[in-house]
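**Q** quick check, what structure comes out for this input:
(one chain, ligands or ions: 1)
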Amino acid sequence: MSMTAEKIAYRYENQIIERLEEVKDAYDPSEESDLELLQKAIRLVRLDSIQHLTFDETTNMISAWFDNAHVSQLTISLETTYTKCTCFDDECIHEIALLFYLHMQFYSLTEWMTDWRKKENELLQLTINSRTPEAWNATLKKLVEPLRKTDPSENPSLFVHKYSLISQKASPLYPFEWEWRPLFDLFYRLHCLRAAWPYVTSHLDQSEQSFAYGKWYVKNWLMEQLNRLEDSLESLSSKRRLFETDPFYDDLKTQVRDFTLEFEGLFNERFRVYRNFWQILFTDQLSQEKEWQLLNDYNTPEAYYLQTYFYILHGQYDELEQMDLQIGPENLKGWLPLAEMADYEDDTRALSILLHAMLPHIGPYFEQFIPRNEQTSFARKMDGLLESAEIDETIREGLFTVYGPAGVDVFTDFLIERERYREWAALIHRYRVSYEVAEASGLKLGMKDDPASMLPLLHTYAIQFIEEKNRQSYRRAGRIFKKMKTCAKKCGKTDFWNDYTTLIHEKYRRLRALMEEMEKGNLRL
Ligand SMILES: [Zn+2]
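**A** Residues are numbered from 1 along each chain as shown. Okay, here's the model as predicted:
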């Protein structure tokens with residue numbers, strides 16, 4: 001149904017005001033490109049470029065057709081973050097133009113622009129007065145404030161835009177001397193991560209609340225921060241350390257510890273930051289021992305993971321074995337990153353100690369906590385860890401029964417590696433794996449090494465294709481019969497095979513097209 005702009009504006013008055021407030025924060029009037037962009041959006045509205053507007057009552061989607069130079073269609077929901085536009089411009093201005101257009105139904109657009117441009121004069125002129133961690137932190141805290149204020153419902157492209165404005169303002173703050181630059185960068189990245197963390201986790205930790213595209217945006221942003229952090233750590237560790245940097249290092253230790261222990265969500269990523277600092281920059285024994293002691297003051301599972309981490313790092317296997325890991329299905333998720341870390345460091349012994357403690361809980365954890373869409377990758381990852389730790393194979397096999405269908409592709413690889421073709425065929429049969437997948441998995445090897453075991457499986461596929469009853473499927477059945485013939489010949493089952501083809505002939509005599517395919521195959525031995 002079509003609805004007038006006025007009605008839509010009335011219905012979504014609050015949402016429109018809020019979204020335009022976000023635009024106000026995200027765009028900076030002192031930036032030439034931002035100014036141009038908003039002026040362009042205003043021009044679209046003033047020139048009556050919106051030709052047509054519809055509202056869908058069932059999906060609550062608004063669609064607007066713009067016509068200037070070329071036609072673009074924007075579809076947007078003011079109840080979710082959904083936005084789609086056919087313009088493919090790097091920065092689509094249609095969303096902002098539509099918001100302006102709706103806003104204009106009740107308010108003055110000129111006033112909005114004046115308000116926004118006032119910001120120009122209010123913007124803080126950020127400077128750093130002295131070279132101390134306190135001065136750096138105070139300025140950076142102000143600089144990243146817009147990230148901290150970002151509401152989780154805000155569109156990820158706006159979030160990324162805000163961040164790029166912050167980055168532009170950050171660059172003149174970097175110290176001039178190259179010895180100091182990476183150190184300042186570490187401070188800057190940690191401030192960004194901490195300020196953006198609630199936004200980042202709300203998009204990446206609670207899968208159902210964010211659209212896939214928005215998630216991709218946020219994930220990329222996070223990966224970029226983590227990579228830059230690693231680059232700066234590497235470049236700092238390769239330089240001779242200046243004596244004056246000591247207080248900065250101490251401050252970083254506190255910041256990293258706080259970030260890893262006091263923040264919530266995405267523990268894997270927080271742990272990655274922690275590990276990078278302690279394995280690239282703070283590598284001396286004394287600092288690490290001191291850090292281990294400090295972790296005692298935190299009575300949290302995460303602090304306990306970090307203490308375990310140092311045991312692994314120092315190869316303290318006795319301590320590791322004597323630790324009461326208190327593992328259960330409900331906290332296995334926290335221990336997994338440690339197992340992965342031990343695997344990454346090729347520390348088979350530590351990995352084996354951890355995995356033995358985890359073993360009884362893997363099945364219940366899988367059944368209670370792993371969502372269906374992650375089960376296959378979990379089964380593969382878990383089996384990979386057990387293999388690296390050289391855990392008894394019967395235990396690994398036992399877990400395949402727990403994984404069920406999610407573990408089939410790992411289990412088939414497992415059986416083929418051990419040349420257990422009969423069991424492989426039974427597994428494929430049991431889970432009704434498609435012929436294409438079976439062919440890509442181990443069919444060829446099975447036909448070579450254990451042709452007799454392949455016969456019943458191939459028979460099932462041939463009958464399946466016959467029952468599809470078309471020329472194409474008969475042809476495929478014919479090809480499978482040829483494969484069966486090869487198998488029968490290889491294992492000397494000539495009589496069986498000739499009886500079998502007679503039986504098939506009798507049973508499907510009336511399917512003339514199939515008979516033709518079978519004759520072409522010259523099946524008798
Ligand atoms: Zn557009």
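
**Q** so where do the helices sit in the stretch 351-500 of the chain?
**A** 372-388, 393-403, 408-417, 421-430, 435-438, 444-449, 451-468, 471-490, 494-507 (DSSP state H, counting those that start in this stretch).

**Q** you'd agree Trp278 is up against Gln288?
**A** Yes: with contact defined as Cβ atoms under 8 Å, Trp278 and Gln288 form a contacting pair (6.7 Å). Just so you know, the C-beta spots here come from the backbone N, C-alpha and C atoms, and that holds for glycine as well.

**Q** common neighbours of those two, please.
**A** Counting by Cβ atoms under 8 Å, 6 or more residues apart in numbering, the common neighbours of Trp278 and Gln288 are Leu313.

**Q** which parts of the chain sit against the ion?
**A** 72, 85, 87, 92, 94 (Cβ under 5 Å from the ion).

**Q** just to revisit the earlier point, comparing Trp278 and Gln288, which residue is more hemmed in?
**A** Shown here are Trp278 and Gln288; by other Cβ atoms under 10 Å, Trp278 has more neighbours (20 against 16).

**Q** list the contacts of that one.
**A** By Cβ under 8 Å, 6+ apart, the neighbours of Trp278 are 288, 291, 313.

**Q** which one of those residues is nearest Ser157?
**A** Glu291 (38.9 Å; Cβ to Cβ).

**Q** before we move on, which element is the closest one in?
**A** Using DSSP states H and E, Glu291 sits within helix 285-295.

**Q** gap between that helix and the chain center?
**A** 33 Å (Cα atoms, centre = their mean, to the nearest Å).

**Q** dump the C-alpha coordinates for that helix into PDB.
**A** Taking C-alpha atoms only, helix 285-295 is exported to PDB below (Å, rounded to 0.1, in the frame of the first residue of the first chain):
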ATOM      1  CA  GLN A 285      60.700 -13.700  32.800                       C
ATOM      2  CA  LEU A 286      60.500 -11.200  35.700                       C
ATOM      3  CA  SER A 287      57.600  -9.200  34.200                       C
ATOM      4  CA  GLN A 288      55.800 -12.400  33.400                       C
ATOM      5  CA  GLU A 289      56.200 -13.700  37.000                       C
ATOM      6  CA  LYS A 290      54.900 -10.400  38.300                       C
ATOM      7  CA  GLU A 291      51.900 -10.500  36.000                       C
ATOM      8  CA  TRP A 292      51.100 -14.100  37.200                       C
ATOM      9  CA  GLN A 293      51.100 -12.900  40.800                       C
ATOM     10  CA  LEU A 294      48.900 -10.000  40.000                       C
ATOM     11  CA  LEU A 295      46.400 -12.300  38.400                       C
END
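
**Q** show me the contact partners of that helix.
**A** 253, 257, 278, 282, 303, 306-307, 310, 313-314.

**Q** follow-up on the earlier one: now, which of the contacts of Trp278 sits nearest Tyr101?
**A** Glu291 (56.5 Å).

**Q** and that closest one, how many residues sit next to it?
**A** 19.

**Q** can you pick the most crowded of the contacts of helix 285-295?
**A** Leu306 leads the contacts of helix 285-295 on contacts (other Cβ under 10 Å) with 23 neighbours.

**Q** tell me the SS of Ser72?
**A** What DSSP: H, G, I helix; E, B strand; the rest coil gives for Ser72 is strand.

**Q** name the nearest residue to it, ignoring sequence neighbours.
**A** Cys87 (4.1 Å; Cβ to Cβ, 6 or more residues apart in numbering).

**Q** wait, doesn't that neighbour sit right on Ala69?
**A** No: under the criterion of Cβ under 8 Å, Cys87 is not in contact with Ala69, lying 10.3 Å apart.

**Q** looking at the two, which is more packed in?
**A** Each of Cys87 and Ala69 has its neighbours counted (other Cβ under 10 Å); Cys87 has more, 15 against 7.

**Q** which SSE is the residue of the stretch 101-250 of the chain found nearest the ion in?
**A** Residue nearest to the ion within the stretch 101-250 of the chain: Ser157 (11.7 Å; Cβ to the ion). Element membership for Ser157 (DSSP H and E) is helix 156-170.

**Q** would you put the C-alpha positions of that helix in PDB?
**A** Provided in PDB are the C-alpha atoms of helix 156-170 (Å, rounded to 0.1, in the frame of the first residue of the first chain):
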ATOM      1  CA  PRO A 156      27.800  -0.300  10.900                       C
ATOM      2  CA  SER A 157      28.700   1.900   8.000                       C
ATOM      3  CA  LEU A 158      28.100   5.000  10.200                       C
ATOM      4  CA  PHE A 159      30.300   3.400  12.900                       C
ATOM      5  CA  VAL A 160      33.100   2.800  10.400                       C
ATOM      6  CA  HIS A 161      32.700   6.300   9.100                       C
ATOM      7  CA  LYS A 162      33.000   7.800  12.600                       C
ATOM      8  CA  TYR A 163      36.100   5.700  13.100                       C
ATOM      9  CA  SER A 164      37.700   7.000   9.900                       C
ATOM     10  CA  LEU A 165      37.100  10.600  11.100                       C
ATOM     11  CA  ILE A 166      38.800   9.700  14.400                       C
ATOM     12  CA  SER A 167      41.700   8.200  12.600                       C
ATOM     13  CA  GLN A 168      42.200  11.400  10.600                       C
ATOM     14  CA  LYS A 169      42.300  13.400  13.900                       C
ATOM     15  CA  ALA A 170      44.600  10.900  15.500                       C
END
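
**Q** so for it, what's the average pLDDT?
**A** Mean pLDDT, helix 156-170: 90.

**Q** repeat for stretch 258-272
**A** Here the average pLDDT along stretch 258-272 is 94.

**Q** can you give the contact residues for that stretch?
**A** 190, 193-194, 197, 200-201, 204-205, 222, 226, 273-274, 298, 300, 302-303, 305-306, 309, 333-334, 337, 341.

**Q** of these, buried ones?
**A** 190, 193-194, 197, 200-201, 204, 222, 226, 273-274, 298, 302-303, 305-306, 309, 334, 337, 341 (16 or more other Cβ atoms under 10 Å).

**Q** of the residues you listed, which belong to helices?
**A** The helices, defined by DSSP state H, take in 190, 193-194, 197, 200-201, 204, 222, 226, 273-274, 302-303, 305-306, 309, 334, 337, 341 from these.

**Q** the residue nearest to the residue of the stretch 101-250 of the chain closest to the ion when sequence neighbours are not counted: which element?
**A** Nearest non-adjacent residue to Ser157, counting by Cβ to Cβ, 6+ apart: Tyr217, 6.4 Å away. Take DSSP H and E as the rule and Tyr217 turns out to sit in helix 212-237.

**Q** how far does that helix sit from the chain's center?
**A** The answer for helix 212-237 is 13 Å, by Cα atoms, centre = their mean.

**Q** C-terminal to it, what's the next element?
**A** helix 246-262.

**Q** give me the buried positions along that following helix.
**A** Those would be 248-249, 251-253, 255-257, 259-261, for helix 246-262 by 16+ other Cβ under 10 Å.

**Q** distance from the helix or strand of the chain with the lowest mean pLDDT to the middle of the chain?
**A** Taking mean pLDDT, DSSP states H and E as the measure, the chain has helix 109-122 as its least confident helix or strand, at a mean of 79. With Cα atoms, centre = their mean as the basis, helix 109-122 stands 39 Å off its chain's centre.

**Q** is it true that Arg189 touches Leu233?
**A** No: Arg189 sits out of contact with Leu233 when judged by Cβ under 8 Å, with a separation of 9.8 Å.
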